[in-house]
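Q: Fold the following and give me the result.
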Amino acid sequence: MTVHMQKEIENLKSKLLTLCAAVEKSLCLAVQSVRERDAALAKSVIDDDVHIDQTEIDVEEECLKILALHQPVAIDLRFIVTALKINNDLERIGDLAVNIAERSEFLAGQEPISVPFDFDAMAEKTQWMVTESLDSLVDMDCKRAHQVCAADDEVDALNRKMYKQVEATIVAHPRWTRGLLHLLSVSRHLERIADHATNIAEDVIYMVEGRIVRHKAEDYKSQS
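A: Alright, predicted model coming up:
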């Protein structure tokens, strides 16, 4: 690797880590806004999304510049390809955090309703997956990445359970229907965020080991 390319890759890593931190913060605040019924906090998440979008563009442009100017190979090429894919997943997590914040804004203006499912458990597991996937990227830690992949089924199960509980609660308390449907959306957004965290973890495994592990659940279980 030339000195010039090394500096550009280090700059790319720095921008990618900045995006990681911004997305993780956005998700944390969006979840907090739902938990605390805080419309102002939800609005701050929505307003800050423009910075995440711009950073995502910056990272993509940096990746394309390195590919065009230096034609990297081996581990450097895998890193650039992985950075491009993770960049996209991070931007989508940011968008989904905004979606959660938008549901939170609505809920904050409605009468409080009894949440019919364990929102905290689902939110905490999803946030854990995002944090661990990003930490596995920073530390190049495949074991943690495998653990993230293995955890995705737990979030899927919580989401399915929530659907049934919301359905039963709508029957029992029809006046809560609008609020419950917004909570249903929050759960679905959390489930999608967990999917993107899994994508990031799979890309970390590819970057470190050169193996593509998508659609190989048995790999997750054996390594976690």
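Q: So, low pLDDT: which residues of the chain?
A: Residue ranges of the chain with pLDDT under 70: 1, 116, 215-224.
Q: for it, what spans make up the helices?
A: 3-36, 39-70, 74-108, 119-139, 142-172, 177-209, 217-223 (DSSP state H).
Q: Run the angle between the second one and helix 74-108 for me.
A: The directions of helix 39-70 and helix 74-108 differ by 160 degrees, with axes from the mean of the first three to the mean of the last three CA atoms, to 10 degrees as the criterion.
Q: How far does helix 39-70 sit from its chain's centre?
A: Taking CA atoms, centre = their mean, to the nearest Å, one finds helix 39-70 lying 14 Å from the centre of the chain it belongs to.
Q: For that helix, buried residues please.
A: Across helix 39-70, burial judged by 16 or more other CB atoms under 10 Å covers 39, 41-43, 45-46, 48-49, 52, 55-56, 58-60, 62-63, 66, 70. (Glycine included, C-beta is placed from N, CA and C.)
Q: cool, the third one as well?
A: Buried residues in helix 74-108, counted by 16+ other CB under 10 Å: 76, 78-105, 107-108.
Q: Now residue 85: closest residue in space, sequence neighbours ignored.
A: In space, and not counting its chain neighbours, residue 85 is closest to residue 203: 5.1 Å by CB to CB, 6 or more residues apart in numbering.
Q: separation between the one you found and residue 214?
A: 9 Å (CB to CB, to the nearest Å).
Q: Compare neighbour counts for those two and give me the winner.
A: The neighbour comparison of residue 203 against residue 214 (other CB atoms under 10 Å) goes to residue 203, with 25 against 12.
Q: pretty sure that one is touching residue 88, no?
A: No: applying CB atoms under 8 Å, one finds residue 203 not in contact with residue 88, separated by 10.0 Å.
Q: wait, residue 198 sits on residue 149?
A: Yes: the pair residue 198 / residue 149 is scored as a contact, 5.3 Å apart, by CB under 8 Å.
Q: between the two, who's got more neighbours?
A: Each of residue 198 and residue 149 has its neighbours counted (other CB under 10 Å); residue 149 has more, 27 against 23.
Q: wait, doesn't that one sit right on residue 201?
A: Yes: using CB under 8 Å, residue 149 is in contact with residue 201, at 5.1 Å.
Q: tell me the contacts of residue 170?
A: Going by CB atoms under 8 Å, 6 or more residues apart in numbering, residue 170 touches 176, 177, 180.
Q: Enumerate every residue touching the closest residue in space to the first one that isn't next to it in sequence.
A: This points to residue 176. The shortest distance from residue 176 to any non-neighbouring residue, by CB to CB, 6+ apart, is to residue 113 (4.7 Å). Contacts were defined as CB under 8 Å, 6+ apart; by that measure residue 113 touches 173, 176, 179, 180, 183.
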